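Undergrad: requesting a structural model of the entry that follows:
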Amino acid sequence: MDYESMLSSAMEKMPKKELVKDRFSVPAPQLEAQGTRTLVKNFGDIAHAIRRTPQELSSYLFKELATPGVLQNGSLMLQARVTPDTIKKKIDNYIRDYVYCKVCGEPDTVLVREGKNVFMSCEACGAKRPAGTR
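TA: Below you'll find the model as predicted:
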């Protein structure tokens with residue numbers, strides 16, 4: 001037997017690896033327009049799903065959307081009309097920059113403050129880098 005046939009024989013005998021895609025799922029934002037304001041009703045659930053505090057995520061959204069707002073009972077009230085697509089895009093950008101590890105690609109990170117600096121530390125691979133860098 002040559003190497004290629006032994007390799008393919010061994011690969012056939014290996015158990016099939018199942019991909020688990022729902023390990024990290026973020027709920028879609030549920031918005032409600034209230035006049036000139038927008039209420040994100042499930043904001044607490046979104047923050048919990050990405051393992052960040054509502055304050056961390058809301059301060060990012062306030063800055064990115066250039067609008068003030070307030071956290072209230074697991075919801076986020078924005079002082080402007082915002083479309084669902086815009087909110088979804090901003091949350092996806094936050095997840096890309098502040099949740100996924102740039103080394104291993106896993107979402108198992110935590111934000112660690114050291115003095116005035118904030119670092120993103122990965123619990124899966126141990127990598128550490130300044131938060132928000134691409």
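
Undergrad: so where do the strands sit in this structure?
TA: Residue ranges of the strands in the chain, as given by DSSP state E, are 31-34, 37-40, 69-72, 75-78, 109-114, 117-122, 128-130.

Undergrad: how about S75, what does it touch?
TA: Going by C-beta atoms under 8 Å, 6 or more residues apart in numbering, S75 touches 39-44. Every residue, glycine included, has its C-beta placed from N, CA and C.

Undergrad: nearest residue to the middle of the chain?
TA: I95 (3.0 Å; C-alpha atoms, centre = their mean).

Undergrad: might one say that that residue is in contact with R52?
TA: No. Counting by C-beta atoms under 8 Å, I95 does not reach R52; the two are 9.2 Å apart.

Undergrad: sorry, back to before: got the strands of the chain as a markdown table, with mean pLDDT and distance to E4 columns?
TA: As requested, these are exported to a markdown table (pLDDT from 0 to 100; distance: least, C-beta to C-beta, whole Å):
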| stretch | mean pLDDT | distance to E4 |
| --- | --- | --- |
| strand 31-34 | 93 | 55 |
| strand 37-40 | 95 | 55 |
| strand 69-72 | 94 | 60 |
| strand 75-78 | 96 | 57 |
| strand 109-114 | 92 | 40 |
| strand 117-122 | 92 | 37 |
| strand 128-130 | 92 | 41 |
